[in-house]
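Novice: the amino acid sequence is not available; the structure is as follows:
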Ligand code: GLC
């Protein structure tokens with residue numbers, strides 16, 4: 001064997017086990033920390049999904065310190081704190097609301113002070129995501145945004161502060177998303193050596209999207225998916241997503257055959273109506289949900305990575321409470337049976353565990369608390 005080749009082999013034998021060792025040690029950290037993300041809630045519309053107003057008035061009143069205490073008291077162990085990209089970018093560039101970042105710090109610290117963990121979820125508006133989908137400059141922007149964001153919170157307890165690369169990327173090409181995700185993860189790692197990163201699949205982070213991905217080279221990563229299947233049920237009455245969901249109301253779960261004939265007529269267009277009809281034909285029930293969630297768990301087991309589901313829920317507007325509670329119970333139970341930590345969407349907006357009364361005060365819904373298996377004091 002030529003001497004040079006021999007030296008190369010010796011070097012590789014030193015480096016590869018060291019890399020493998022670090023990767024395994026990092027994965028162990030990620031698995032341990034996933035235990036802090038077992039029962040979460042999404043604080044939507046607080047620092048995200050409110051593009052017209054991120055003023056102090058909005059962030060001081062949309063979710064209050066009392067709400068955070070209520071969340072902890074109910075038995076949630078973490079909050080997924082969604083943050084819009086635009087006000088963050090503006091703040092890091094020194095324009096927009098000067099106190100946006102201090103207010104965000106306060107929210108993070110209020111959550112941590114209760115003992116709960118926090119998922120820092122970058123939750124951009126549609127237009128930002130559309131740019132990431134097609135423009136490499138927009139990917140640069142995403143990377144440039146994450147460096148100061150991760151650096152800002154890297155100093156907090158890394159056991160309980162998680163960085164989620166991007167909510168529902170809406171990048172349809174799984175290979176493009178894999179490349180973007182790897183680049184952002186590496187940028188986060190430069191400034192936050194100790195924190196656990198949350199990664200996901202392309203599109204809307206469904207299970208089928210997760211299955212297209214290979215784990216990142218970084219071992220300190222938890223993988224995530226969203227579960228809203230079947231959308232005909234969970235998004236009935238919604239004015240976003242498919243145009244015809246807004247016509248649906250009172251769709252039962254599990255569906256009964258005798259309710260189908262009348263209910264499909266809610267949808268005026270025949271092509272859409274056949275999609276709704278499939279909701280009955282597909283026999284949605286706890287067993288079907290369980291088998292789908294098993295697919296995600298199978299992917300995680302094969303790849304030796306920890307897994308969470310940080311969004312699932314039913315839009316309250318047009319759903320029958322009994323059906324909504326049954327679906328929440330079945331999804332939550334299936335996740336727990338597979339040892340997958342969950343976070344319900346959302347705290348007190350359209351899908352809430354709480355609803356707002358006429359004065360805007362949150363009133364916790366004990367039936368939802370029960371469906372989530374929480375004690376709910
Ligand atoms: C996703 C969207 C959010 C929506 C939720 C339920 O998280 O980003 O806007 O409310 O799903 O549809």
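Specialist: That came through fine. This structure is a prediction, so every number in the text was calculated from the model and none was measured.
Novice: just say helix, strand or coil for residue 81.
Specialist: Recorded secondary structure, residue 81: strand (DSSP: H, G, I helix; E, B strand; the rest coil).
Novice: same deal with residue 139?
Specialist: With three-state DSSP as the criterion, residue 139 reads helix.
Novice: residue 23: neighbour count?
Specialist: 16 (other CB atoms under 10 Å). Just so you know, the C-beta spots here come from the backbone N, C-alpha and C atoms, and that holds for glycine as well.
Novice: remind me which helix or strand it belongs to.
Specialist: Here residue 23 sits within helix 3-34, counting by DSSP states H and E.
Novice: what packs against the helix or strand following that helix?
Specialist: Once the chain leaves helix 3-34, the next helix or strand it forms, by DSSP H and E, is strand 39-47. When contacts are defined as 3 or more CB pairs under 8 Å, 6 or more residues apart in numbering; DSSP states H and E, strand 39-47 packs onto helix 56-62, helix 65-74, strand 78-83, helix 100-113, strand 307-312, strand 341-344.
Novice: quick one: which of the ones you listed is nearest the ligand?
Specialist: Nearest to the ligand among those is strand 307-312 (5.5 Å), distances taken as CB to the nearest ligand atom.
Novice: so what secondary structure elements neighbour that closest one?
Specialist: strand 39-47, strand 221-227, helix 286-303, helix 321-337, strand 341-344.
Novice: who in the stretch 51-200 of the chain is up against the ligand?
Specialist: 167-168 (CB under 6 Å from any ligand atom).
Novice: pLDDT below threshold where in the stretch 51-200 of the chain?
Specialist: For the stretch 51-200 of the chain, no stretch is flagged by pLDDT under 70.
Novice: just the pLDDT for the closest residue in space to residue 326 that isn't next to it in sequence.
Specialist: Nearest residue to residue 326, sequence neighbours excluded (CB to CB, 6 or more residues apart in numbering): residue 253, at 5.6 Å. pLDDT, residue 253: 97.
Novice: for residue 253, helix, strand, or coil?
Specialist: Per three-state DSSP, residue 253 ends up coil.
Novice: tell me how far it lies from residue 260.
Specialist: The gap separating residue 253 from residue 260 is 13 Å, by CB to CB, to the nearest Å.
Novice: quick one: which of these two has more around it?
Specialist: Between residue 253 and residue 260, counting by other CB under 10 Å, residue 253 is the more crowded of the two (25 against 17).
Novice: give me every residue that touches the more buried one.
Specialist: Residue 253 makes contact with 233, 284, 323-324, 326-327, according to CB atoms under 8 Å, 6 or more residues apart in numbering.
Novice: show me the helices in the stretch 101-250 of the chain, by range?
Specialist: 126-134, 136-153, 174-191, 207-210, 231-234 (DSSP state H, counting those that start in this stretch).
Novice: spatially central, which residue of this protein would that be?
Specialist: The chain has residue 310 as the residue nearest its centroid, 3.7 Å off, counting by CA atoms, centre = their mean.
Novice: my read: that residue touches residue 346, true?
Specialist: No - judged on CB atoms under 8 Å, residue 310 makes no contact with residue 346 at a distance of 11.2 Å.
Novice: okay, and the common contacts of these two?
Specialist: By CB under 8 Å, 6+ apart, the residues touching both residue 310 and residue 346 are residue 42.
Novice: contact residues of the stretch 201-350 of the chain facing the ligand?
Specialist: So the stretch 201-350 of the chain meets the ligand at 311, 345 (CB under 6 Å from any ligand atom).
Novice: skipping its backbone neighbours, what lies nearest residue 250 in space?
Specialist: residue 320 (5.4 Å).
Novice: show me what contacts the closest residue to residue 38 other than its chain neighbours?
Specialist: In space, and not counting its chain neighbours, residue 38 is closest to residue 341: 4.3 Å by CB to CB, 6+ apart. Residues in contact with residue 341 (CB under 8 Å, 6+ apart) are 34-35, 37-40, 308-309, 335.
Novice: nearest to the ligand, of the residues you listed?
Specialist: Distances from the ligand to the contacts of residue 341, taken by CB to the nearest ligand atom, are shortest for residue 309, at 12.4 Å.
Novice: grab the nearest non-local neighbour of residue 235.
Specialist: Nearest to residue 235 is residue 245, by CB to CB, 6+ apart, at 4.9 Å.
Novice: quick one: the one you found from the ligand, how far?
Specialist: 10 Å (CB to the nearest ligand atom, to the nearest Å).
Novice: thought that residue was touching residue 230?
Specialist: No - Residue 245 is beyond contact range of residue 230, at 11.2 Å (criterion: CB under 8 Å).
Novice: okay, these two: which has more neighbours?
Specialist: For residue 245 versus residue 230, neighbours defined as other CB under 10 Å are more numerous around residue 245 (24 against 19).
Novice: of all the helices of the stretch 101-250 of the chain, which one comes closest to residue 294?
Specialist: helix 207-210 (9.7 Å; CB to CB).
Novice: so what touches that closest one?
Specialist: Here helix 207-210 has contacts from 174, 200-203, 223-225, 227, 292-293, 295-296, 299, using CB under 8 Å, 6+ apart.
Novice: can you pick the most crowded of these?
Specialist: Result: residue 224 is most packed of the contacts of helix 207-210 (other CB under 10 Å), 29 neighbours.
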